[in-house]
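Trainee: just need the structure, nothing else, for what follows:
(2 chains)
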Amino acid sequence: NAGVMQNPRHLVRRRGQEARLRCSPMKGHSHVYWYRQLPEEGLKFMVYLQKENIIDESGMPKERFSAEFPKEGPSILRIQQVVRGDSAAYFCASSPPNRGTNGYTFGSGTRLTVV
Amino acid sequence: AQSVTQPDIHITVSEGASLELRCNYSYGATPYLFWYVQSPGQGLQLLLKYFSGDTLVQGIKGFEAEFKRSQSSFNLRKPSVHWSDAAEYFCAVAFSSNTGKLIFGQGTTLQVKP
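Mentor: The predicted model follows:
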């Protein structure tokens, strides 16, 4: 049973480009969470999604950031017109239905560098 | 506001020595409490968690943590540190088991001296 898969592991983008980060949850997990880890900081919650629904996006920046979790395929975190301040590690976690934080499994993260 | 504080940013201990990493939270009720470990360039691995019951929780890799309601603390301990324990440690809390949102502390970087 594969764990939470994130790709790419490393992503380099120039300022103004778009970044797409993918997260495939564990088999049987229908809930996905995205977190951002800025240098020298802890993880900050961004968004919580279920299939085709955004449940809580209270941590998402108001502009340029969006997330989706379609019926088929991985969850996507999309950052438009990236800026240097977006450089961070982005982690995805997944859980089974009704387990929430009790059933979290984290992926290995995508490290985004904006040059 | 709900928050988690890890007062120590860096800790250095000698191999074989005991370890205690501190974690305090701010919340009116008892949250769900977690400790995670992150090795360089890696994701987060769950060490242990507390939801209810016995306030002394055993985890993986020989770690344990004690929940103290009166001090709003959930400190992580290990009696004898190994060089492979060098990593970053995060305390996290959830204020509901089903909201899905974890609030993390700033992390404590552990260095182990030979």
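Trainee: so the helix or strand harbouring residue B:76, near chain A or not?
Mentor: Assigned by DSSP states H and E, residue B:76 belongs to strand B:73-78. No - using Cβ under 8 Å from any Cβ of the partner chain, strand B:73-78 stays clear of chain A, with a minimum separation of 14.3 Å. In this view, the C-beta of every residue, glycine as well, is placed from N, C-alpha and C.
Trainee: so for that strand, what's the average pLDDT?
Mentor: Mean pLDDT, computed over strand B:73-78, is 97.
Trainee: residues in contact with the following helix or strand past that strand?
Mentor: The helix or strand immediately downstream of strand B:73-78 is strand B:87-94, counting by DSSP H and E. Strand B:87-94 is contacted by residues A:42-43, A:100-101, B:2, B:4, B:6, B:21, B:23, B:25, B:27, B:31-40, B:44, B:47, B:74, B:76, B:101-105, B:107-110 when judged by Cβ atoms under 8 Å, 6 or more residues apart in numbering or on different chains.
Trainee: which of the residues you listed are buried? Put it as a PyMOL command.
Mentor: Here is the PyMOL command that selects the buried residues among those (16 or more other Cβ atoms under 10 Å in any protein chain shown):
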select buried, (chain A and resi 42+43+100+101) or (chain B and resi 4+6+21+23+25+31+32+33+34+35+36+37+38+44+47+74+76+101+102+103+104+105+107+108+110)
